[in-house]
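Chemist: Quick one: sequence and predicted model below, then my questions.
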Amino acid sequence: MHGKEHTPREIKVGVLGATGTVGQRFIALLSRHPYFIIHALGASQRSAGKKYTQAVNWKQTSPVPAQVRDMVVKECIPEHFVECSVVFSGLDSDVAGEIEEAFRHAELAVFSNAKNYRRDPAVPLVVPLVNSSHFAMIPQQRAQHSPPLKKGFILTNANCSTTGVVVPLAALEKAFGPLESCMITTMQAISGAGYPGVPSLDIIDNVVPYISGEEEKMEWETLKILGGISEGDEGLKSFDMHDKHPLRISASCNRVPVIEGHTECVSIRFARRPPPSPQQVREALTAYTSDAYALGCPSAPRHTVFVHEEVDRPQPRLDRDYQMGAGVSVGRVRQCRVLDIKFVVLANNVAIGAATSSILNAELAVVKGIIS
Ligand SMILES: NC(=O)C1=CN([C@@H]2O[C@H](COP(=O)(O)OP(=O)(O)OC[C@H]3O[C@@H](n4cnc5c(N)ncnc54)[C@H](OP(=O)(O)O)[C@@H]3O)[C@@H](O)[C@H]2O)C=CC1
Ligand SMILES: N[C@@H](CC(=O)OP(=O)(O)O)C(=O)O
């Protein structure tokens, strides 16, 4: 997607949870990646020992890529992945904790979608369009491990709804200073619940106003991502959780009958007075460029935030595949009579909300010389 990509030698990668919703998206994206080469696939014991096409219930719009069709799926143990430098994890969170730790311990770079390590004080929670500076925690994470690691680490990406909202929030903090409060109401696609996900009898002709754990994750993760890294007396780093400018966030999460793409209605108040106008907000969102794009990551979107002028956009069916789902769409930027500004965000939950974020994070790690 980027014109002047930095192209290193080929890097062998593995995919854990390769048969799942996120795992399939990893495979579709990695099969045409310029330097990540799919070398090993892992899933549960139900799938291990089978050819990929026999193990997977493929739900992507393109066929199973030729290079993985006959690959035999392995159990998720590091011995089967020794030739890989990187593993991408789309593992169920019930099992991701132990498996990802075993891979880190075996000196692999683990890029995870699961929630298990997002709150770990040594693990960066990186939305690649926002906080690539948090990679600075990796040396400390390696040093804290017993024995200290040379190559292994875990880096997570965020919850898919958090990812959509932090991109415009980061752009606006960059342009206009800290935010003071933020109210979010989500309309989340059923693919966010994996496959087969929400039963059809629950979701057709319906809205379900509850997604377990989602509101707490959005409220907490946003603070870690938008906060910086502070350095203590003995040089020890910690995530500052947006503490210097406390940000109050309230999220309300709903499941809606959409297949892909999370829509979020967002209202914000800025700390500085007077606040920017809707037009200044539109301009700042349009001008925002990610480090991932500036550094030449091949999967980075040209438009980090695409701002719609039409009054009825963004819409999931129309906008979720723009830039292969790697950017974020914003529309309906207008004045809020309670806070300052309100707008609508659309983010593709399985692309920038999951697999694309992990791949971009790994590309950033390559550009920053953390993996080679
Ligand atoms: N869907 C989304 O939009 C998003 C998902 N996530 C997170 O990404 C992760 C994957 O989600 P999703 O793809 O939707 O989930 P799925 O349920 O679709 O896939 C889960 C994967 O985990 C594997 N698995 C299950 N149990 C085991 C086990 N005991 N050992 C090894 N592998 C196992 C499954 O393999 P098998 O087929 O063999 O059972 C499958 O490959 C989750 O942690 C989720 O919370 C994050 C952001 C967005
Ligand atoms: N809970 C999200 C998807 C997800 O798996 O989130 P997390 O990675 O934070 O557990 C959804 O249902 O849309």
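Modeler: Here it is on my side, so go on. Ligands and ions are numbered 1, 2, ... in the order given.

Chemist: Show me which residues of the protein sit near ligand 1.
Modeler: For the chain, the residues in contact with ligand 1 (C-beta under 6 Å from any ligand atom) are 17-23, 43-44, 46-47, 76, 90-93, 95-96, 113-115, 160, 191-192, 194-195, 349-350, 353-354. The way it works is simple: take the backbone N, C-alpha and C, and place the C-beta from them, glycine included.

Chemist: Which members of those residues are classed as buried?
Modeler: 17-23, 43-44, 47, 76, 90-91, 95-96, 113-115, 160, 191-192, 349-350, 353-354 (16 or more other C-beta atoms under 10 Å).

Chemist: Which ones among those also lie next to ligand 2?
Modeler: 113, 115, 160, 192, 349.

Chemist: who touches the second one in this structure?
Modeler: If I follow you right, that is Lys115. Listed by C-beta atoms under 8 Å, 6 or more residues apart in numbering, the contact partners of Lys115 are 93, 96, 156, 159, 213, 217.

Chemist: Specify the local secondary structure of it.
Modeler: coil (DSSP: H, G, I helix; E, B strand; the rest coil).

Chemist: State the distance from it to Leu339.
Modeler: Distance, Lys115 to Leu339, using C-beta to C-beta, to the nearest Å: 28 Å.

Chemist: The last one now?
Modeler: Taking C-beta to C-beta as the criterion, Asn349 is separated from Leu339 by 25 Å.

Chemist: With Phe81 instead?
Modeler: Counting by C-beta to C-beta, the gap from Phe81 to Leu339 is 47 Å.

Chemist: before we move on, what about His303?
Modeler: Plainly put, His303 is 26 Å away from Leu339 if you go by C-beta to C-beta.

Chemist: Kindly report the same for Phe36.
Modeler: Taking C-beta to C-beta as the measure, Phe36 falls 42 Å from Leu339.

Chemist: Looking only at neighbour counts, state which of the two leads.
Modeler: Set side by side, Phe36 and Leu339 show more neighbours around Phe36, with 26 against 18, by other C-beta atoms under 10 Å.

Chemist: Dihedrals phi and psi, the residue of the stretch 101-250 of the chain found nearest ligand 1?
Modeler: Closest residue of the stretch 101-250 of the chain to ligand 1, C-beta to the nearest ligand atom: Gly194 (3.0 Å). Per-residue torsions, Gly194: phi 70, psi -170 (degrees, to the nearest 10).

Chemist: same question for the helix of greatest length in the chain, mean pLDDT?
Modeler: For the chain, the longest helix by residue count, based on DSSP state H, is helix 160-176. The pLDDT scores in helix 160-176 average 98.

Chemist: quick one: buried residues of that helix?
Modeler: 160-173, 175-176.

Chemist: Break this structure into its domains for me.
Modeler: Listed by automatic domain parsing, the domain ranges of the chain are 11-159+355-367, 160-348.

Chemist: Straight-line length of the first one, end to end?
Modeler: The distance separating the two terminal residues of domain 11-159+355-367, taken as C-alpha to C-alpha, to the nearest Å, comes to 13 Å.

Chemist: Setting aside sequence neighbours, what's the nearest residue to Asp151?
Modeler: Just to correct that, residue 151 is Lys rather than Asp. Among residues not flanking Lys151 along the chain, Glu107 sits closest, at 4.5 Å (C-beta to C-beta, 6 or more residues apart in numbering).

Chemist: right, and the one you found touches Leu149 too?
Modeler: Yes - using C-beta atoms under 8 Å, Glu107 makes contact with Leu149 at a distance of 6.2 Å.

Chemist: what about these two, which has more around it?
Modeler: Comparing Glu107 with Leu149 by other C-beta under 10 Å, the one with more neighbours is Leu149, at 20 against 15.

Chemist: Pull the contacting residues for Leu149.
Modeler: Contact partners of Leu149, counting by C-beta under 8 Å, 6+ apart, are 104-105, 107, 141-142.

Chemist: do the same with Glu309
Modeler: Gly331.

Chemist: what's around Leu179, how many residues?
Modeler: Leu179, neighbours per other C-beta under 10 Å, totals 24.

Chemist: Grab the nearest non-local neighbour of the residue in the chain that ligand 1 sits nearest to.
Modeler: Nearest residue of the chain to ligand 1: Gly20, at 2.1 Å (C-beta to the nearest ligand atom). Of all residues not flanking Gly20 in the chain, Gly90 sits nearest, at 5.1 Å (C-beta to C-beta, 6+ apart).

Chemist: For the one you found, what are phi and psi?
Modeler: Backbone torsions for Gly90, taken as degrees, to the nearest 10, come to phi -120, psi 40.

Chemist: hang on, it packs against Ile27?
Modeler: No - here Gly90 lies out of contact with Ile27, judged by C-beta under 8 Å, at a distance of 9.5 Å.

Chemist: can you give me the strands for this structure?
Modeler: 11-16, 36-43, 74-75, 86-89, 109-112, 153-156, 179-188, 229-231, 237-239, 248-255, 262-270, 305-307, 328-335, 341-347 (DSSP state E).

Chemist: Packing partners of the last one?
Modeler: Read it as strand 341-347. Contacts defined by 3 or more C-beta pairs under 8 Å, 6 or more residues apart in numbering; DSSP states H and E place strand 341-347 against helix 160-176, strand 262-270, helix 278-287, strand 328-335.

Chemist: ok and the residue in this structure nearest ligand 2?
Modeler: Gly192 (2.0 Å).

Chemist: who are the neighbours in contact with that residue?
Modeler: Contacts of Gly192 by C-beta under 8 Å, 6+ apart are 160-161, 211, 255, 262, 349, 353.

Chemist: Among these, which pair sits farthest apart?
Modeler: Arg255 and Gly353 (14.5 Å; C-beta to C-beta).

Chemist: Fine, thanks again, bye for now.
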